[in-house]
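Q: Okay, predicted coordinates and the sequence, questions at the end:
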Amino acid sequence: MMLHRRFRLLVFLAAAALAGGCAAPRPQRAPETPGGGIPAPEKPAAEARVTIFVPVLVNDEMRLERRSVAVTSARPGPKEALEALLDYRIAGQRMFPEGARVLDFSVDKDGVAVVDLSPEIQEYSGGSMEEAGALNALVMTAAQYDGVKSVRFLCDGKEMETLGGHADLTVPLVPDRRLLVEQN
Amino acid sequence: MLSGKKIQPHRSIWPVLLALLATAGAGESAPAARVPATVFITGQQVAGPTFLEDGRVWAPAEALARAAGIELQPSGKEFAVAGGGGTIPGRSENGVAYADAAAFAEAAGGVPRRSGGRLDILARVADVRFAGGRLFVSCTLPVTYSVHRLTGPERVYVDLDEVILEGPGGETRSEKAAVRALRLSQYAPRTVRVAAETAGRLPYTIQSPPRARQVVIALSSSDVGPAAGAASGPAEVATVREGIRTVRSVRLEEADDGVRFIVTADGPVAPQEDRDPATGQHWLDFESALLEGEAPEFRPQGGLLSAARLVQFRAGVPRLRLVAQTRRVVATRVAGGEGPNQIVWHLSIPEGADGDWKRKVIILDPGHGGRDTGARGNGLNEKDVNLTIARLAAEEGRKRGLDIVLTRDKDVELTLRARTDMISRYDTTLFVSIHNNSNTRPNSVSGTEVYYHMQDPDSRALAEAIHDQIVAQAGTKPRGARSDSRLYSTGLFVLRNSRVPAALVEVGYINHSGDAARLKDPAFLKTVAKAIIDGIVSYLGGLTLARQPAEPAPVQDEGAGNKQ
Ligand SMILES: [Zn+2]
């Protein structure tokens, strides 16, 4: 819902800019990058932002917190949001292996989002709490899109047994809203 | 179809064979009329072979019970639902027990809806009430739900998926309570909406798992006392009623394999279960409940309980605690009794713990291996630490007379499926996976967690027993025996796919410098290994509980912790 509003705002800004005689709308400069606050000047200027959910610790328990991050795509969708999460760093460390991408994203009629990840994802390693943070972040990020009730992960089109050796990815994962730091 | 004869098909006979197969298939399927079917319980597909035959949809009984979160009791060829009505036709094929899925739905209080080869089992709403600052919505089956907020007037609503109302719905109003009105309606053909109109904007917190039989939403700040909100009404009846239940009677029944407390109230009650690892006490807390008459005296005669009592919290606070002091590790569960106003609290000797505890087959599973290092940090790879602990535990276990099987005894990669497949290769009693943890931030969290699958009482007893021994003997920070549903709604792979009671031990955090230093100490690892075996042995009944106060400890006011 928020994304739609954001998109409408962008359209409005674009229309206003054109009416004012500019050749093209100047994209808003993003104050934050997926890198965690360090500007990356070598990258092309951000054109839009996406909402992702990232793991945080509250009272020594894993929770998820909303973050808005800049992406280079003009009309970012679930694929771009998930890739922004795949590139996200916590305390300078990547959560997911370098090069891991989303090959495909689709939602079936039962509301199962299918996220096909590139083979680099197999390089993932982590303890059960770390893995749960990473997977729940992916699930919650995917679940903000219309019609997504659960999320199934594939690797290069094939079934994934697990990510880090604890989770069961042979069944779709349901977003657990108890994990959200802010629920309202 | 080709059984009995071994044919080595030559290329040229393929067309003939295919034609034979085609006719054989057609000839066989016509009289049997078996077609594949799918069964969904409130939107979640039931695993395993499900099929339509003789006008009935059949599904593996175990998968049905698991998806519905209820217990199925076999009686001859049929099944019965614990606390439910009617019998369910059953059949057995290749060693798998199948149940009539539609009959199962009816017995479990669900509503079967069939369309062609798809059977959907919908839930009914059993009870809606607001008490102690929390909104409780109980359904007959586990459901998925979403919570939303609307303004003008301020209200929070819960949409329950795959649920139907049988009546027209209704409304409950109360001007004094934090929740002014509760409304129940069939919002969409398969969505029931429970709307709570609040007196001003209240923060809400979801306190139930993503898939739950009882949805619990806290609707006020925690300082609101249990008796603050008092608007409640049974589902589909628009009446204002006190939110406080009266417990009419509590009865203790003892049998060889366990005891049970039968609690009868004037309406549905949903007690919270908890325990104290130090004393071996288990208890049930009934929020917003008062006792009618005198507290009953329990005089346990069997060997399982040493004492039990029912206590009221300090005067004026409507909260009851039923405390049981056990002599050994027990599996506990709360089940429905006769009618909606009764619950039964079972405390029993856990699965596999009967008879001689020695020579039981215990599978120890050192997590990860090979390319999969598991958690990394402070110069440690989880896979190596896990293997060291598992080897030491195997040695200790064998010395004590247990039959220990290791899923791996060297640094090799094993799929999770290969690990749980080993369970059926032996006469396995228990499966214990050994891991060490990590978090997204180094040096943040430390301590021991032991996971069990969902709400499985036997696995929970095993996880509690191992957890308690590790923290007592190795002195690690207790982070509790935890349901794996706290990590994922479907749980952890090896626990979900274990057919015997199973636990997954997370000894410590590899990326915490304090835990890591201890994990490098051979003496610490040896203590942990011994503690894991002691946990297993105490589950099996080979160790009595260390501390046993003669009298249950007094109940403190704030002592009602929420167990997840
Ligand atoms: Zn692990």
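A: Nice, I can see it.

Q: low pLDDT regions in the stretch 1-150 of chain B?
A: B:1-32, B:82-86 (pLDDT under 70).

Q: need the residues of it near chain A, please.
A: Neighbours of chain A within the stretch 1-150 of chain B, by Cβ under 8 Å from any Cβ of the partner chain: B:43, B:144, B:146-147, B:149. Any C-beta I mention is one placed from the backbone N, CA and C, and that applies to glycine too.

Q: how close does B:Ala212 get to B:Met454?
A: Shown here: B:Ala212 relative to B:Met454, a distance of 11 Å by Cβ to Cβ, to the nearest Å.

Q: can you check B:Pro49 too?
A: B:Pro49 is 23 Å from B:Met454, where distance means Cβ to Cβ.

Q: the more surrounded of the two?
A: Taking neighbours as other Cβ atoms under 10 Å in any protein chain shown, B:Pro49 and B:Met454 compare with B:Met454 leading, 19 against 14.

Q: Could you say which helix or strand holds that one?
A: Using DSSP states H and E, B:Met454 sits within no helix or strand.

Q: Per-residue pLDDT of it, please?
A: B:Met454 carries a pLDDT score of 93 in this model.

Q: pretty sure it is in contact with B:Asp484, am I right?
A: Yes: using Cβ atoms under 8 Å, B:Met454 is in contact with B:Asp484, at 7.0 Å.

Q: Identify the contacts common to those two.
A: Shared contacts of B:Met454 and B:Asp484 (Cβ atoms under 8 Å, 6 or more residues apart in numbering or on different chains): B:Gly491.

Q: Quick check: phi and psi on the residue sitting nearest the centre point of chain B?
A: Centroid-nearest residue in chain B: B:Gln455, 1.3 Å away (criterion: Cα atoms, centre = their mean). Backbone torsions for B:Gln455, taken as degrees, to the nearest 10, come to phi -120, psi 20.

Q: before we move on, what about B:Pro209?
A: Note on B:Pro209: its backbone torsions stand at phi -70, psi 170 [degrees, to the nearest 10].

Q: Can you show me the helices along the chain?
A: Since you didn't name a chain, this refers to chain A. Remark: helices assigned in chain A by DSSP state H are A:2-19, A:78-86, A:128-143.

Q: let's do chain B instead
A: So, for chain B - with DSSP H - the helices run B:14-32, B:61-68, B:101-107, B:382-399, B:416-425, B:457-474, B:493-496, B:513-519, B:522-540.

Q: Around the nearest residue to B:Gly337 once chain neighbours are set aside, how many other residues sit close by?
A: Excluding the flanking residues, the one nearest B:Gly337 by Cβ to Cβ, 6 or more residues apart in numbering or on different chains is B:Val344, at 4.6 Å. Neighbourhood size, B:Val344 [other Cβ under 10 Å]: 19.

Q: Pretty sure B:Val344 sits against B:Leu284.
A: No: using Cβ under 8 Å, B:Val344 is not in contact with B:Leu284; the gap is 10.9 Å.

Q: Need the residues touching each of these two.
A: The contact sets of B:Val344 and B:Leu284 overlap at B:261, B:263, B:334 (Cβ under 8 Å, 6+ apart).

Q: Pretty sure the last one sits against B:Gln272.
A: No: in this structure, B:Val334 sits apart from B:Gln272 without contact. The criterion is Cβ under 8 Å, and the distance is 9.3 Å.

Q: Any figure for the gap between the residue in chain A positioned nearest to chain B and A:Glu120?
A: Distances between chain A and chain B by Cβ to the nearest Cβ are smallest at A:Gly127, namely 3.2 Å. Using Cβ to Cβ, we find A:Gly127 at a distance of 20 Å from A:Glu120.

Q: Compare the two (neighbour count), which wins?
A: Using other Cβ under 10 Å as the criterion, A:Gly127 and A:Glu120 rank with A:Gly127 on top: 29 against 16.

Q: check contacts around the more buried one.
A: A:164, B:374-375, B:382, B:435-439, B:506, B:509-511.

Q: now for these, which pair is the farthest apart?
A: Largest separation among these by Cβ to Cβ: A:Gly164 and B:Tyr509, giving 14.6 Å.

Q: list residues touching both of B:Val334 and B:Gln272?
A: Counting by Cβ under 8 Å, 6+ apart, the residues touching both B:Val334 and B:Gln272 are B:Leu284.

Q: Looking at A:Gly164 and B:Tyr509, which is more packed in?
A: It is B:Tyr509, of A:Gly164 and B:Tyr509, that has more neighbours when counted by other Cβ under 10 Å, with 32 against 23.

Q: Touching, that one and B:His435? I think so.
A: No: using Cβ under 8 Å, B:Tyr509 makes no contact with B:His435, being 10.9 Å away.

Q: For chain A, give me the ranges with low pLDDT.
A: The model of chain A has pLDDT under 70 over residues A:1-46, A:183-184.

Q: and it, which of its residues are near chain B?
A: Residues of chain A lying close to chain B by Cβ under 8 Å from any Cβ are A:55, A:57, A:60, A:62, A:90-91, A:93, A:95, A:110, A:125-130, A:132-136, A:149, A:161-162, A:164-168, A:170-178, A:183-184.

Q: Just the buried ones out of these, please.
A: By neighbour count, with 16 or more other Cβ atoms under 10 Å in any protein chain shown, the residues of chain A next to chain B hold A:55, A:57, A:62, A:90, A:95, A:125-130, A:132-136, A:149, A:162, A:164-168, A:170-178 as buried.

Q: State the distance from B:Pro350 to the ion.
A: Distance, B:Pro350 to the ion, using Cβ to the ion, to the nearest Å: 25 Å.

Q: oh sorry, the question was meant for B:Thr373
A: As judged by Cβ to the ion, B:Thr373 and the ion stand 9 Å apart.

Q: Can you give me the neighbour number for the residue nearest to A:Ile90 when sequence neighbours are not counted?
A: Distances taken as Cβ to Cβ, 6+ apart put B:Thr440 closest to A:Ile90, at 5.0 Å, once the chain neighbours are dropped. B:Thr440 has 25 neighbouring residues, counting by other Cβ under 10 Å.

Q: cool, B:Ala523 as well?
A: Residues lying near B:Ala523 (other Cβ under 10 Å) number 9.

Q: Apart from its chain neighbours, what residue comes closest to B:Asp484?
A: B:Gly491 (3.9 Å).

Q: can you pull the pLDDT of that neighbour?
A: 94.

Q: Look up how far B:Leu184 lies from the closest residue to B:Leu182 other than its chain neighbours.
A: With sequence-adjacent residues excluded and distances taken as Cβ to Cβ, 6+ apart, B:Leu182 is closest to B:Thr172, at 4.5 Å. Separation of B:Thr172 from B:Leu184 (Cβ to Cβ): 9 Å.
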